[in-house]
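Asks: Task: produce atomic coordinates for the following.
(one chain, ligands or ions: 1)
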Amino acid sequence: MVKLLTGICTLLLLNGCASHSQTLYSELGGKQKVEEIVNNFVTEIEYDPVILPYFEGSDIDRFRAKLEEQICMVSGGGCSYTGDTMEQVHAGMNITETHFNHTVDLLINAMDKSGVPHPLQNRLLAELAKMRGQMLYR
Ligand code: HEM
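Replies: All right, here's what the predicted structure looks like:
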């Protein structure tokens, strides 16, 4: 009986380890999936009358590329982020909590469209939310 329990515990432990040996980036589906999510996100922004005006005059290809890098970095994909700091890039926009939350909703829509399971969505959002204070009211 003790042997059986030990065996079950070992299996559970190994399983636990296995599920954490992958990075969030690879669990999301790697480069191709992150590109898809970011493309969907840009489309969401393009159709959003509240958020779109913020991007007037922005280089959307740059935004796409830098956001892909950033998502790769925060999800353990091993990329280096080469964009500007979150303080710098959002300076002068006076982003409110309402606008921030609305933008997060657009990202959720984008991930839903890419079929990203909600637990993975939450893990990515938790990483991005760490930078929230660097964007609000700048
Ligand atoms: C989870 C939240 C957010 C993340 C992770 C994020 C991330 C980024 C990144 C990586 C860039 C590109 C930086 C670069 O070009 O060097 C960027 C640019 C930009 N973001 Fe955000 N952002 C967020 C929220 C917001 C919100 C709430 C707004 C406005 C309502 C906003 C408006 C912009 C605009 C307009 C640009 C382009 C700036 C330019 O053209 O130079 N962002 N953001």
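
Asks: what does this protein have sitting close to the ligand?
Replies: Counting by CB under 6 Å from any ligand atom, the chain comes close to the ligand at 51, 54-55, 58-59, 62-63, 66-67, 70, 83-84, 89-90, 93, 95, 99-100, 103-104, 128, 135. C-beta: built from backbone N, CA, C; applies to glycine.

Asks: repeat that with 5 Å
Replies: For the chain, the contact set with the ligand under CB under 5 Å from any ligand atom comprises 54-55, 58, 66-67, 70, 83-84, 89, 95, 99-100, 103, 128.

Asks: which stretches of the chain aren't confidently modelled?
Replies: 1-20 (pLDDT under 70).

Asks: Apply 50 and report the result again.
Replies: Within the chain, the segments meeting pLDDT under 50 span 2, 4-18.

Asks: Quick test: name the residue nearest the centre of the protein.
Replies: Against the mean C-alpha coordinate of the chain, by CA atoms, centre = their mean, the closest residue is residue 124 at 4.2 Å.

Asks: Can you show me the helices along the protein?
Replies: Secondary structure of the chain by DSSP state H: the helices cover 2-21, 24-28, 30-46, 60-74, 86-89, 97-113, 118-129.
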